[in-house]
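>>> structure for the following, please:
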Amino acid sequence: MFSSIYSYFNAEGDNQQQQQNNNNNKIVESVFHSGISNGIIETVGNTPLIRIKSLSEATGCEIYGKAEFMNPGGSPKDRVAREIILDGEKNGLLKRGSTIVEATAGSTGISLTMLGKSRGYNVQLFIPDNVSKEKVELLEMLGAETKIVPIVGMNNANHFMHCAYQRCLGDDMAFYANQFDNLSNFNAHYNGTAKEIWEQTKGDVDGFVAAAGTGGTVAGISSYLKEMNPNIQNWLIDPPGSGLYSLVNTGVIFHPKDRLVVEKLGPRSFYEGVGVNKKTENFNKASLNGAFRGTEEEGVDMAHYLLKHDGLFLGGSSALNCVGAVKLARKLGPGKTIVTVLCDSGHRYTSRLYSKSWLNDHNFQVSDLSNLNFVK
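Okay, here's the model as predicted:
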């Protein structure tokens, strides 16, 4: 009798172990970085793909996050900066004594400054005034010259993108990185991030979701995945004040009643670098099935939820992407594999997203974090 009981439990344990092995086999072991790299520019990419346990168990899907915050500059913008700089050098646009000029909400500026300085270039950045003070202080510490400008609509001549462009006019030593419309951005993710995801999952992907700013990440990854498997569902998650949700679902960048929402939300929003009211050349190459809306409240709750349940200390954009992953999981149903991008860590949001006083001052109340009911 005891041998029968032992055989039963041993068989049950073997089944559980086999199931665990099957789950583990879905992911390819990848070397983050090994050996010796020739300068910081060679340390970009090959980031881990992390199974987000709490979201996977709650939705019945396998939800993975591409840990782009583990790039040397702390975001996927390292890939973009590397591609832009190397392409600029190859095309003779960057040369000794050049100044790289860019409009950025912070992360691209950090990447351009780190990699640009490593190649001997000066860096000047035009930054909207809703960017966290941690990012601005870091940019200046890294050696960038910063120009802080009020956040205004694209039709305003003082928009930070227009300011950066105007700065380069008539100056042969100024190189406009132009991350929004420079297709080096798209190529960095199409040839890099997307291929890594495909290899790490062995092609077992049912859905991809992320927010967009320049559109390079969403476009590069969605286009590549769609080419590899046309059945993959690619979705956008769009924050308040952005016109991309409307663009994807209706073909119109902004409903007239929403045109001023960026100016209204800009000073308080912690979503930095995602959400625009412009169809960029990079975003134009995206291959999307649809778009979700994401709220600031959902992002606040998700950031704190992931910190509590998974030990993931993430920034606002990463939290928004995870909100999108939950929404896509609910749409596709249990048993699917969904990938998103963990594009920033929480270290650059301590004065906002993780500050009790800032949350209170802006009427944010962290919800019950025992479940995902805060995702609508």
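>>> now the helices: where do they sit in the stretch 1-150 of the chain?
Secondary structure of the stretch 1-150 of the chain by DSSP state H, counting those that start in this stretch: the helices cover 2-25, 53-59, 77-90, 107-118, 133-142.
>>> for the second one, buried residues please.
The reference is to helix 53-59. 54-56, 58-59 (16 or more other Cβ atoms under 10 Å). In short, each C-beta sits where N, CA and C put it, glycine included.
>>> just those now: which is nearest Leu86?
The closest of the buried residues of helix 53-59 to Leu86 turns out to be Leu55 (Cβ to Cβ; 35.5 Å).
>>> coming back round to it: now the buried residues of helix 53-59 as TSV including pLDDT and distance to Lys331?
Listed next are the buried residues of helix 53-59 as TSV, based on pLDDT from 0 to 100; distance: Cβ to Cβ, whole Å:
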residue	pLDDT	distance to Lys331
Ser54	98	19
Leu55	98	14
Ser56	98	16
Ala58	98	15
Thr59	98	10
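>>> of the residues you listed, closest to Pro150?
Of all the buried residues of helix 53-59, Leu55 has the smallest distance to Pro150: 36.8 Å, by Cβ to Cβ.
>>> what pLDDT does Gln18 get?
Listed pLDDT for Gln18 reads 49.
>>> show me what contacts Gln109?
Careful, residue 109 is Gly; it's not Gln. The contact partners of Gly109, by Cβ atoms under 8 Å, 6 or more residues apart in numbering, come to 102, 123, 125, 127, 135, 139, 144, 146.
>>> compare those and tell me which is most surrounded.
Compared across these, Glu102 has the highest neighbour count, 30 neighbours, by other Cβ atoms under 10 Å.
>>> name the nearest residue to that one, ignoring sequence neighbours.
Leaving aside its sequence neighbours, Glu102 sits nearest to Ala177 (Cβ to Cβ, 6 or more residues apart in numbering; 4.2 Å).
>>> count of neighbours near the one you found?
With other Cβ under 10 Å as criterion, Ala177 counts 28.
>>> follow-up on the earlier one: among the contacts of Gly109, name the ones in strands.
Among the contacts of Gly109, the members found in strands (DSSP state E) are 102, 123, 125, 127, 146.
>>> ok, the second one touching Leu94?
No. Val123 sits out of contact with Leu94 when judged by Cβ atoms under 8 Å, with a separation of 11.5 Å.
>>> residues shared between the contacts of these two?
With Cβ under 8 Å, 6+ apart as the test, Val123 and Leu94 both reach Ile100.
>>> now do the helices in the stretch 251-376 of the chain.
Under DSSP H, counting those that start in this stretch, the stretch 251-376 of the chain gives helices at 261-265, 296-310, 316-332, 356-361.
>>> give me whichever of those is most buried.
Highest mean neighbour count among the helices of the stretch 251-376 of the chain (mean count of other Cβ atoms under 10 Å): helix 316-332, with a mean of 26.
>>> one step back: JSON lines for the helices of the stretch 251-376 of the chain, including distance to Asp171 and mean pLDDT?
Below are the helices of the stretch 251-376 of the chain laid out as JSON lines (distance: least, Cβ to Cβ, whole Å; pLDDT from 0 to 100):
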{"stretch": "helix 261-265", "distance to Asp171": "29", "mean pLDDT": "45"}
{"stretch": "helix 296-310", "distance to Asp171": "39", "mean pLDDT": "97"}
{"stretch": "helix 316-332", "distance to Asp171": "32", "mean pLDDT": "97"}
{"stretch": "helix 356-361", "distance to Asp171": "39", "mean pLDDT": "92"}
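>>> and those: which comes nearest Asp238?
helix 316-332 (8.8 Å).
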